[in-house]
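Visitor: just need the structure, nothing else, for what follows:
(one chain, ligands or ions: 2)
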Amino acid sequence: MSETIEKPKKSKVQKVKKADYIPKKSSDIKQLQKHLELFGYLDPIDSAFGTADEQVPQPEGDALESLKSSFITPGEMDEATVGALKKYQEFHGLKSTGKLDTATLEELDCKRCGMPDLGEFSTHSNKWNKTSLTYGFDNYTSDNGLTPTKIHSAFAQAFAMWAAETPLSFRRVNASANPDIRIKFESGSHGDGSPFDGRGGVLAHAYYPPPNSGALAGDAHFDEAENWTINIPTGAGKIDLVTVAAHEFGHSLGLRHSNVNGSMMFPSYSGAKRYLHADDIAGIRNIYGGYSIASAPWIHGTSIQVEYPDRLERITRAGFYTYLYGKPNTTNWFHFAIPSPVIQDKKRLKVVCAILRFRTFSDKAVVNHVHIYDGYSKIASHNNINLSGNNWFKKFGVAHKPHLYWGLGISIGVSFKAGTANQRRMDFVSAGADLI
Ligand SMILES: [Zn+2]
Ligand SMILES: [Zn+2]
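Guide: Ligands and ions are numbered 1, 2, ... in the order given. Alright, predicted model coming up:
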């Protein structure tokens, strides 16, 4: 797929960019209403029949359709539409004015997830009733040189974020093995009643856990019309597949959209973000709980091994810390060997995650990649995570939580850009792992 320059598609609504614009053209209002309805803000049933708490019988079929069309007036900025727009603005962290100001117009035009922000889904069992989940691919995208192997690695990274916080593990199987979570890339209508919309707009959608949505439960669909990549920086107009996959799998596991800006489950896409926010962690642990740790080995930062010592300006050990000052415009690899038990109480242990305690003093010193090894086998790759600043307890999951055989190794890919010595400083305090 070729892409020239990033020029976000302007919706009709956005062409009129005046502060506090109240749309008057009926086609503009219809478009706004369609958007609000699609993402769960216009819910004529709730408004007409009271809230769900009141347990009023809900209309179905034809009765529902006629009620829908009679409640809001298509093309008119009626009370219901203004109210829905206010709710939209509130969820997206905008001023709740019910008017189409510039910020609202921009947010409406954002690339985003296709799942609604508000609205009900069956909540009597919004979680998987097992912890070992399988996933499989019906097809792949070949955008930007992506291959099945690269996509497998990207999606394992996305699943690993959720595995690191929960009892859940995720193992890839063939599509023929009836995976719990089926993954596919589709354009336009693709047989589930939620057609994709071409380039921009909706990027992907996913289905909540069973019993929601029957056979589709847990599945994640990606809009093939998007220009997918796993490279960072993505390049103009390209979408980070790892970020969107991690978001969609949040839905596959039972999470809804969050109104916390900066969380993985925020509905709009604003560039690559390959780690969970505290809000996502709280959300997923609220559904599945944590895991029970059998062993938690740690090693001090002073045991760090530097792959290219000549690319460091200085290395200082202080107590159990190691301070490393990279030469400008260099990359390097740092390694920790974790003295990990592999068998305990006659039981072979499994790896949940590696954990790092480190800090950098600016974004000129960055941890780019974290690779986790069992002996010489790489069991997880977290690529292009681009972490700087204080990271005092950063987990890097292993999606399938494999048994541990030869001992854990963590390899950390770093980069140092031009800047003062202190800006190129990186401290490692310790590295460890959670074993179950
Ligand atoms: Zn979503
Ligand atoms: Zn779909």
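
Visitor: where does this structure have low pLDDT?
Guide: Counting by pLDDT under 70, the low-confidence segments of the chain come to 1-22, 43-70, 120-125.

Visitor: and the helices in this structure?
Guide: Using DSSP state H, the helices found in the chain span residues 12-15, 26-38, 44-49, 61-71, 79-91, 102-108, 148-163, 241-252, 278-288.

Visitor: number of residues surrounding the closest residue to ligand 1 within the stretch 1-150 of the chain?
Guide: For the stretch 1-150 of the chain, the residue positioned closest to ligand 1 under Cβ to the ion is Cys113, at a distance of 2.8 Å. To be clear about C-beta, it is placed using only N, CA and C from the backbone, and glycine gets the same treatment. Cys113 is flanked by 23 other residues according to other Cβ atoms under 10 Å.

Visitor: now do Thr147
Guide: Thr147 is surrounded by 10 other residues when neighbours are defined as other Cβ under 10 Å.

Visitor: tell me the phi and psi of it?
Guide: Per-residue torsions, Thr147: phi -120, psi 160 (degrees, to the nearest 10).

Visitor: and the gap between it and ligand 2?
Guide: Between Thr147 and ligand 2 the distance is 23 Å, computed by Cβ to the ion, to the nearest Å.

Visitor: Ala220 now?
Guide: Computed with Cβ to the ion, the distance linking Ala220 and ligand 2 is 9 Å.

Visitor: please work out how many residues are found near that residue.
Guide: For Ala220, the number of neighbouring residues by other Cβ under 10 Å comes to 23.

Visitor: dump the residue contacts of it.
Guide: For Ala220, the contacting residues are Ile181, Arg182, Ile183, Ala204, His205, Ala206, Tyr207, Ala245, Glu248, Phe249, His251, Ser252, taking Cβ atoms under 8 Å, 6 or more residues apart in numbering as the criterion.

Visitor: next, count neighbours for the spatially closest residue to Asn368 that is not a sequence neighbour.
Guide: Leaving aside its sequence neighbours, Asn368 sits nearest to Gly413 (Cβ to Cβ, 6 or more residues apart in numbering; 4.7 Å). Using other Cβ under 10 Å, Gly413 is surrounded by 20 other residues.

Visitor: distance of Gly413 from ligand 2?
Guide: 35 Å.

Visitor: would you agree that residue is in contact with Ser381?
Guide: No: using Cβ atoms under 8 Å, Gly413 is not in contact with Ser381, being 9.9 Å away.

Visitor: now do the shared contacts for the two.
Guide: With Cβ under 8 Å, 6+ apart applied, the overlap between the contact sets of Gly413 and Ser381 consists of His369, Val370, His371.

Visitor: count of residues packed around the first one?
Guide: Neighbourhood size, His369 [other Cβ under 10 Å]: 18.

Visitor: swap in the one 5 residues further on?
Guide: Neighbour count for Asp374, taken as other Cβ under 10 Å: 20.

Visitor: cool, Asp192 as well?
Guide: Other residues near Asp192 number 14, with proximity taken as other Cβ under 10 Å.

Visitor: for the remainder of this discussion, apply numbering that starts at 375.
Guide: With the count now opening at 375, the last piece we talked about shows up as Asp566.

Visitor: circling back: take the shared contacts of Gly787 and Ser755 and write them to JSON lines, including distance to Asp452.
Guide: As requested, the shared contacts of Gly787 and Ser755 are exported to JSON lines (distance: Cβ to Cβ, whole Å):
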{"residue": "His743", "distance to Asp452": "52"}
{"residue": "Val744", "distance to Asp452": "52"}
{"residue": "His745", "distance to Asp452": "56"}
